[in-house]
Structure formats: C-alpha cells, structure tokens
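# Sequence isn't available, so here's the structure alone:
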Ligand SMILES: *Cc1c(COP(=O)(O)O)cnc(C)c1O
C-alpha cells in the first residue's frame with residue numbers, strides 16, 4: 001500500500017506524512033490537513049467487529065499513521081486508553097469485557113458513552129492520545145512544544161489532562177477567571193504537574209482567545225518559543241474519534257441485527273461529526289449522520305438551505321456547542337469542492353469577506369448524501385433530560401440531550417436505521433441543568449467529581465493583557 005500523505009485543504013503545502021501533519025496542526029497555508037485518500041476497509045468490517053476497543057483503535061489508526069512503527073503505535077494506544085474507566089458491558093454484549101466506550105440502549109435509541117476518561121468529556125478520547133503522540137514525536141526529533149490555549153471549560157481541562165507530565169511539553173491554559181463552572185475549574189487547577197500553568201485571566205473567554213491569536217500571529221515569538229496548539233483542527237484528534245464510530249456501529253448492529261446505523265452528534269466545531277464522515281468514507285455502513293445543534297445553529301441552517309451564514313453566539317446550557325463558525329467545516333467543504341483547492345479558497349474568501357457562503361444542493365435537493373441536521377433549543381433539551389430519566393432511568397448531560405432530541409425528531413420523520421446518540425459529557429459536569437430538568441441535582445453524581453473537592457489547587461491570576469501573558473510564557477519556557 002502506498003504511504004499515507006496529507007495535503008492542505010487550500011493546496012499550499014507539499015504533502016506531508018502523519019507525524020508532520022500532527023506537529024503542524026493548522027496547515028502552514030492557513031488550511032486544514034486531510035489525508036489524500038480514505039482507505040476502503042469494507043473487506044475488514046466483519047473481522048473488525050470482533051475486536052475490543054484498543055485493538056480496533058490500533059487497526060484504524062495504523063492505516064493513517066503509517067510512519068509510526070506498529071509496536072510503537074500499539075503502545076501509544078494502550079497508554080492512551082488505560083486512563084479510562086473500564087466499564088462492564090451491557091448484559092447482551094458480555095463478550096467484550098470492560099471497555100472505555102460502552103454502548104447502551106436507551107428507549108429505542110443507543111447511547112455511546114464517550115465520557116469515561118479523566119475529565120468526563122469525549123475530548124479525552126482524542127487528547128489522551130494526542131498528548132502521548134506529542135511526547136513520542138518530540139522524544140524522537142528533539143525539541144519542545146509549548147501549548148498555549150484558551151478555554152471556556154471542556155477543551156482546557158481535557159488538554160491539561162492529556163499533556164500533564166509529558167516530557168518536552170508545557171501547557172499554558174487561560175480560562176476566564178470566575179466564568180467556568182466550579183467542576184471545570186477544579187479539573188484544571190487541581191493538576192499540579194510542573195509542566196502545567198493554569199492562567200486565571202481577568203477577562204472573558206473572548207479576551208483569552210484574542211490573546212492566543214495575538215501570540216500565534218506574532219511569528220518571531222511563536223517560533224522562538226515553539227508554540228503549539230491542541231484545537232480540534234489537529235488531524236490526530238479527528239483520527240482518534242473515527243475509531244468509536246466503528247465501535248459504536250458494530251455494537252449497535254449486533255444488538256439490533258441492522259445492516260446499517262445512523263448517528264446523532266452534538267456538534268460545535270464539526271470535528272466530532274467529521275470523524276463520523278471519515279468512517280463513512282472508509283466504508284462503514286452509515287445511513288445518516290445527524291448534525292445536532294443548539295440555538296447556535298449555523299450548521300443546522302446550512303444543511304437545511306445550503307446557506308452558511310455567520311450569526312451571533314448565544315450562551316446556552318450546552319456551552320461546548322456555543323459556536324458560530326465551525327473550524328472543521330472547511331474539511332467537509334474541501335471534499336464537497338472535489339478537493340479542488342482553488343474552489344475551496346474562493347469559498348473561504350467569500351465567507352470571510354461577506355459572512356455568507358451559498359453551496360448548491362445535490363440533484364436530490366440535499367447538501368450531502370449522508371449528513372442531515374437538526375436543532376433543539378433549551379426547552380427541548382431540558383425535556384429530553386427529564387424524559388430520559390423518567391422513562392428510561394438514564395441521566396444524560398445537556399449536550400447529549402440535544403443529540404437525543406434531534407434523534408427523536410429523525411425517528412418521527414421516518415428514519416429506520418438504529419440511531420447511536422453520542423454522549424459527549426458526563427452529567428456530573430452539568431449539575432445545574434440536571435437539577436433544572438429533573439428537580440434533583442443529586443442525579444448528577446460521579447465519584448470522580450467528588451474526589452476533586454478539597455484537592456490542593458494552583459493557578460496564576462493575570463490581567464487580560466497580551467504583553468503580560470507573553471512575558472509569563474517567555475519566562476517559563
Ligand atoms: C467539544 C464538545 C462538543 C462539540 O464537539 P465538536 O467536535 O466541536 O463538534 C459537544 N459536546 C461536548 C460535551 C463537548 O465538550
């Protein structure tokens with residue numbers, strides 16, 4: 001098989017191999033990296049359906065990470081998922097043994113629990129792997145990486161837990177002081193490793209993000225201090241997420257006897273659902289991928305009308321989906337443009353200058369053969385939480401609930417393939433929403449959250465000023 005190469009969506013980067021793609025993050029021409037082709041694995045699906053999660057992860061990843069020796073890749077996968085709680089399988093799937101990603105029925109739907117990692121959110125699946133991968137590549141090539149990030153909650157804590165203690169890596173995470181949830185703050189500040197710096201910024205999330213942008217666009221500073229990013233545009237994050245679409249489809253086909261499945265994916269930056277799209281391109285029998293959004297519905301509007309129109313961000317009870325411009329959407333646009341970089345660049349320029357992009361529908365009137373979209377606002381999200389608990393004894397978090405509400409709409413609209421709903425966060429991270437929906441905050445319980453309370457913490461309060469933050473970073477690298 002030919003070596004796997006990665007190209008930028010915007011066509012301005014000579015093809016690179018996997019390790020270079022991971023270290024590059026954002027492509028150097030401002031685009032996103034994509035594999036030049038997707039391997040067709042239809043001849044392997046039956047064999048893959050028998051594999052435990054980690055073996056499956058190895059099989060999927062080695063097709064894309066073919067510049068890492070197999071024994072090393074296997075060790076990276078083992079190490080990355082050893083930090084997950086091993087959950088006993090559902091009684092009808094006892095052959096699998098305890099697994100990091102259980103799939104359980106919930107009424108007529110199937111819920112894939114992606115939140116058994118260290119920070120109780122699905123981002124751990126990718127960031128545990130990315131942290132180990134950074135350490136591995138840096139050990140081989142020398143040098144260091146100083147990750148600088150802004151967070152409104154989930155990404156920062158998953159990044160800190162993925163990078164803590166990794167040799168050659170330091171991580172600086174800015175959160176808006178007093179504006180992240182108490183659980184999220186504790187998940188970050190209770191990490192005392194020497195390579196972790198929690199900056200409590202006197203400002204908003206936008207201030208923090210503005211400072212990150214300023215530091216990264218100061219190229220001499222960026223190069224001199226080996227700055228790196230961990231946001232969801234990193235191809236390794238997408239890759240780690242492709243695995244669970246296979247795993248979830250296999251468990252659901254086994255349980256239901258169906259020959260294809262659909263997924264409902266709580267969506268923000270389009271990284272997670274794009275991973276499902278990759279799995280479908282590889283030959284996994286996916287009928288539909290439902291892009292589920294909250295009130296921040298730019299993607300839902302797009303898949304309904306073909307018009308991608310920037311709006312204003314409104315805060316909701318599913319904050320990790322509160323975005324307007326979805327950073328990974330460019331990857332889908334690139335495929336839709338037939339991988340033609342000139343077309344894609346034209347589209348991106350139009351959107352940047354006018355805030356609007358119009359894509360013509362396919363002959364059947366849809367925008368894509370597989371992707372569909374739906375939206376659930378706050379009332380329906382709370383109602384989904386309430387009903388899941390009352391009717392099925394299951395507690396779901398507000399992000400998951402958006403996906404469940406959209407899946408229920410799909411069933412009403414005639415979807416016949418079984419639907420796997422991605423459970424992207426543990427309800428214990430969002431006790432207020434659980435209390436609001438059910439009247440009982442004690443339902444939002446996790447021993448992992450309780451264990452955080454009273455731990456020693458460390459954080460560095462700083463003013464929202466680029467110079468001060470730059471000096472703080474420079475003094476520590
Ligand atoms: C990040 C996040 C999402 C959105 O995922 P994207 O890959 O950005 O679409 C959904 N739910 C939770 C809990 C998250 O943390």
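Alright, I've got the coordinates. Computed from a predicted model, the values in this text were never measured in an experiment.
# Surely residue 111 is in contact with residue 421?
Yes: applying CB atoms under 8 Å as the test, residue 111 and residue 421 come out as touching, 5.1 Å apart. Every C-beta, even on glycine, is put in place using the N, C-alpha and C of the backbone.
# Give the residues shared as contacts by these two.
400, 404 (CB atoms under 8 Å, 6 or more residues apart in numbering).
# quick one, which of the two is more surrounded?
Here residue 111 and residue 421 are compared on neighbour count by other CB atoms under 10 Å; more neighbours surround residue 421, at 31 against 26.
# what about that one, distance to the ligand?
Separation of residue 421 from the ligand (CB to the nearest ligand atom, to the nearest Å) stands at 12 Å.
# now do residue 26
Note on residue 26: its distance to the ligand, by CB to the nearest ligand atom, is 16 Å.
# how about the closest residue to that residue other than its chain neighbours, secondary structure?
Spatial nearest neighbour of residue 26, chain neighbours left out: residue 233 (5.6 Å); criterion: CB to CB, 6 or more residues apart in numbering. Secondary structure, DSSP: H, G, I helix; E, B strand; the rest coil: residue 233 is coil.
# Count the residues that sit near residue 233.
A count of nearby residues for residue 233, using other CB under 10 Å, gives 20.
# just checking, it touches residue 25?
Yes: the pair residue 233 / residue 25 is scored as a contact, 6.6 Å apart, by CB under 8 Å.
# name the helices or strands packed onto the helix or strand containing residue 407?
Assigned by DSSP states H and E, residue 407 falls within helix 398-412. With contacts taken as 3 or more CB pairs under 8 Å, 6 or more residues apart in numbering; DSSP states H and E, helix 398-412 sits against strand 109-113, strand 261-266, strand 286-293, strand 371-375, helix 378-392, strand 419-423.
# Dump those into JSON lines; add mean pLDDT as well.
Output for those, formatted as JSON lines (pLDDT from 0 to 100):
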{"stretch": "strand 109-113", "mean pLDDT": "97"}
{"stretch": "strand 261-266", "mean pLDDT": "98"}
{"stretch": "strand 286-293", "mean pLDDT": "98"}
{"stretch": "strand 371-375", "mean pLDDT": "98"}
{"stretch": "helix 378-392", "mean pLDDT": "98"}
{"stretch": "strand 419-423", "mean pLDDT": "98"}
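# In JSON lines, list these along with distance to residue 315.
Listed next are these as JSON lines, based on distance: least, CB to CB, whole Å:
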{"stretch": "strand 109-113", "distance to residue 315": "26"}
{"stretch": "strand 261-266", "distance to residue 315": "16"}
{"stretch": "strand 286-293", "distance to residue 315": "14"}
{"stretch": "strand 371-375", "distance to residue 315": "16"}
{"stretch": "helix 378-392", "distance to residue 315": "10"}
{"stretch": "strand 419-423", "distance to residue 315": "22"}
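# Can you tell me the number of residues neighbouring residue 23?
Residue 23 has 18 neighbouring residues, counting by other CB under 10 Å.
# next one: residue 288
Counted with other CB under 10 Å, residues neighbouring residue 288 total 21.
# quick one: contacts for it?
262, 263, 370, 371, 372, 410, 415, 417.
# how about those in TSV, adding neighbour count and distance to the ligand?
Shown next, in TSV, are those (neighbours: other CB atoms under 10 Å; distance: CB to the nearest ligand atom, whole Å):
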residue	neighbour count	distance to the ligand
262	26	17
263	33	12
370	16	16
371	23	13
372	22	15
410	21	18
415	18	21
417	19	21
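# what helix or strand is residue 201 on?
Using DSSP H and E, residue 201 falls in strand 196-202.
# Same question for residue 132.
Residue 132 belongs to helix 123-141 when assigned by DSSP H and E.
# Mind listing what's buried along that helix?
Residues of helix 123-141 classed as buried: 123-138 (neighbour count, 16 or more other CB atoms under 10 Å).
# what's the answer for stretch 453-471, then?
In stretch 453-471, counting by 16+ other CB under 10 Å, buried: 459, 462, 464, 469, 470.
# picking up where we left off before, pick out whichever of the buried residues of helix 123-141 sits closest to the ligand.
The ligand has its nearest neighbour among these in residue 123, at 5.3 Å by CB to the nearest ligand atom.
# so the nearest residue to that closest one once chain neighbours are set aside is in which element?
Of all residues not flanking residue 123 in the chain, residue 158 sits nearest, at 3.7 Å (CB to CB, 6+ apart). In this assignment (DSSP H and E), residue 158 forms part of helix 154-163.
# Give the next helix or strand downstream of that helix.
Counting by DSSP H and E, the element after helix 154-163 in chain order, helix or strand, is strand 169-176.
# That next one to strand 196-202, inter-axis angle?
If you take axes from the mean of the first three to the mean of the last three CA atoms, to 10 degrees, strand 169-176 sits at 20 degrees to strand 196-202.
# quick one: strands adjacent to strand 169-176?
According to DSSP bridges, strand 169-176 forms sheet pairs with strand 145-150 (parallel), strand 196-202 (parallel).
# Please name whichever of these is nearest to the ligand.
The ligand sits nearest to strand 145-150 of all those, at 13.1 Å, using CB to the nearest ligand atom.
# returning to that earlier point: could you save the strands paired with strand 169-176 as JSON lines and add columns showing distance to residue 398?
Below are these laid out as JSON lines (distance: least, CB to CB, whole Å):
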{"stretch": "strand 145-150", "distance to residue 398": "22"}
{"stretch": "strand 196-202", "distance to residue 398": "25"}
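# what does the stretch 151-300 of the chain have sitting close to the ligand?
Counting by CB under 6 Å from any ligand atom, the residues of the stretch 151-300 of the chain close to the ligand are 154, 232, 266, 267, 268, 269, 270, 271, 272.
# What about the residue of the stretch 1-150 of the chain found nearest the ligand, how many residues nearby?
Nearest to the ligand, among the residues of the stretch 1-150 of the chain, is residue 121, at 4.6 Å (CB to the nearest ligand atom). Per other CB under 10 Å, the neighbour tally for residue 121 reads 27.
# returning to that earlier point: can you pull the pLDDT of the residue nearest to residue 26?
Residue-level confidence at residue 233 comes out at 88, pLDDT.
# Give me the phi and psi for it.
With angles defined as degrees, to the nearest 10, residue 233 sits at phi -80, psi -10.
# got it, and the one 10 residues further on?
For residue 243, the backbone dihedrals are phi -60, psi -50 (criterion: degrees, to the nearest 10).
# confidence score at it?
Note for residue 243: predicted pLDDT of 98.
# distance of it from the ligand?
With distances taken as CB to the nearest ligand atom, residue 243 is found 15 Å from the ligand.
# Give me the residues contacting stretch 209-216.
Here stretch 209-216 makes contact (CB under 8 Å, 6+ apart) with 148-150, 174, 201, 221-222, 227, 229, 464-466, 469-470, 473.
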